[in-house]
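*Asks:* Sequence and predicted structure are below.
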Amino acid sequence: MSFEASIWYLVALLTLGTGAYVVFTRNIVRAAFALVFTFLGVAAMYVFLRADFLAAAQLLIYGGGITVLLLFGVMLTHRHEGMELKLDPLKALPAVAIAGGFFVAIWSAARRADWDLVAPVEPVGTSEAIGSAIMTTHLLPFEEISVLLLVVLIGALFVARRSGEEEGS
Amino acid sequence: MIGLVHYLVFAGILFCLGLFAVLTRRNAVTVLMGIELMLNAGNVNLVAFNRFVGSGVNGQIFALFIIVLAAAEAAVALAILLNIYRTYKHITVDEIHLLRG
């Protein structure tokens, strides 16, 4: 096994381990912190896939933004008796069946499919290609997503405001 | 050598962990965490296909847009959760039935 492959397996194991911790732990604050390491592991996966710009975006948006947002959500909806997450084994059984069956379906499809593989090229940084593609081929979705972000910003503020706090009055 | 199937299996496990969290967790914030895990798994798939099957950076741009959409979704969902918490004093998803007819 090559050096890169062994590092890959280590990172995959850490990512899936922390992901499993997020899913199975009973403490919601610990789940939120374990999620940070899952996101970092996925960013490392992007590095293995030679997607350096995406890895940076993943670190900034997931590792920074969404984690803080989720922690705020945990803290603001926090009650001590509600912090322990119960997992009813009887109710978990159908979920295990669904998730396990779905994984078996994905796994067998991924193994059996006749992928039309191309030899991976080694790109020298993807930032330039992504930047020019966003500004030419994908200009319309780029503009749409900027409008969407503005709408989300205003909408989230509007929804999260306390009722009775009417502006201007 | 790490190939496409490695990434697909990795993303499949991550997706199923997220799916399991969404199906079993009763706290709405942890359901949201499960959704984030599933979105991340989908992104890994897109980038892996971009490297091993396609060419150019189209798959990475898809993944970039999905990251932005996930951030927007998390912001709106947490705003809604805050409002639900003010109404119910809890965010247990199977006890929220204000809109039930």
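*Replies:* Okay, I see it. Here the structure is a predicted model, which means the values were calculated and not measured. Residues are numbered from 1 along each chain as shown, chains lettered A, B, ... in the order given.

*Asks:* all contacts plus neighbour counts: C-alpha atoms, from now on.
*Replies:* Fine.

*Asks:* Please name the nearest non-neighbouring residue to A:F142.
*Replies:* A:I134 (6.5 Å; Cα to Cα, 6 or more residues apart in numbering or on different chains).

*Asks:* what's the helix or strand for that neighbour?
*Replies:* Element membership for A:I134, per DSSP states H and E: helix A:127-135.

*Asks:* ok, residues contacting that helix?
*Replies:* With contacts defined as Cα atoms under 8 Å, 6 or more residues apart in numbering or on different chains, helix A:127-135 is touched by A:D52, A:F53, A:L139, A:F142, B:G56, B:V57, B:Q60, B:I61.

*Asks:* Can you read off the pLDDT for A:A32?
*Replies:* On pLDDT, A:A32 comes in at 91.

*Asks:* For it, the count of nearby residues, please.
*Replies:* By the measure other Cα atoms under 10 Å in any protein chain shown, the count of residues near A:A32 is 21.

*Asks:* So A:A129 versus B:L81, what's the distance?
*Replies:* 39 Å (Cα to Cα, to the nearest Å).

*Asks:* In contact with A:R30, which residues are there?
*Replies:* Applying Cα under 8 Å, 6+ apart to A:R30 gives the contacts A:V22.

*Asks:* which outside residues touch stretch B:16-28?
*Replies:* A:19-20, A:23-24, A:85-87, A:91-92, A:95-96, A:99-100, A:102-103, B:30-38, B:81, B:91-94.

*Asks:* Then stretch A:64-77?
*Replies:* By Cα under 8 Å, 6+ apart, stretch A:64-77 touches A:28-29, A:32-33, A:35-36, B:29, B:33, B:71, B:74-75, B:78, B:81-82, B:85, B:89-91.

*Asks:* Quick check on A:G125: phi, psi?
*Replies:* Backbone geometry at A:G125, expressed as degrees, to the nearest 10, gives phi 80, psi 130.

*Asks:* pretty sure it is touching A:L49, no?
*Replies:* No - contact between A:G125 and A:L49 fails when scored by Cα atoms under 8 Å: they sit 11.5 Å apart.

*Asks:* pLDDT below threshold where in chain B?
*Replies:* Residue ranges of chain B with pLDDT under 70: B:101.

*Asks:* The helix ranked longest in it - contacts with which helices or strands?
*Replies:* The longest helix of chain B (DSSP state H) is helix B:58-88. Packing partners of helix B:58-88 (3 or more Cα pairs under 8 Å, 6 or more residues apart in numbering or on different chains; DSSP states H and E): helix A:52-57, helix A:67-76, helix A:127-135, helix A:139-160, helix B:28-52.

*Asks:* ok, now with 7 Å
*Replies:* Contacts defined by 3 or more Cα pairs under 7 Å, 6 or more residues apart in numbering or on different chains; DSSP states H and E place helix B:58-88 against helix A:139-160, helix B:28-52.

*Asks:* Could you check how far the last one is from the centre of its chain?
*Replies:* Spelled out, that is helix B:28-52. 6 Å (Cα atoms, centre = their mean, to the nearest Å).

*Asks:* Can you say which of the contacts of stretch B:16-28 are buried?
*Replies:* A:19-20, A:23-24, A:85, A:92, A:95-96, A:99-100, A:102-103, B:30-38, B:81, B:91-92 (16 or more other Cα atoms under 10 Å in any protein chain shown).

*Asks:* Next one: the longest helix along chain A, is it in contact with chain B?
*Replies:* For chain A, the helix reaching the highest residue count under DSSP H is reported as helix A:89-112. Yes - on the criterion Cα under 7 Å from any Cα of the partner chain, helix A:89-112 is in touch with chain B at A:A92, A:A95, A:V96, A:A99, A:F103, A:I106, A:W107, A:A110, A:R111.
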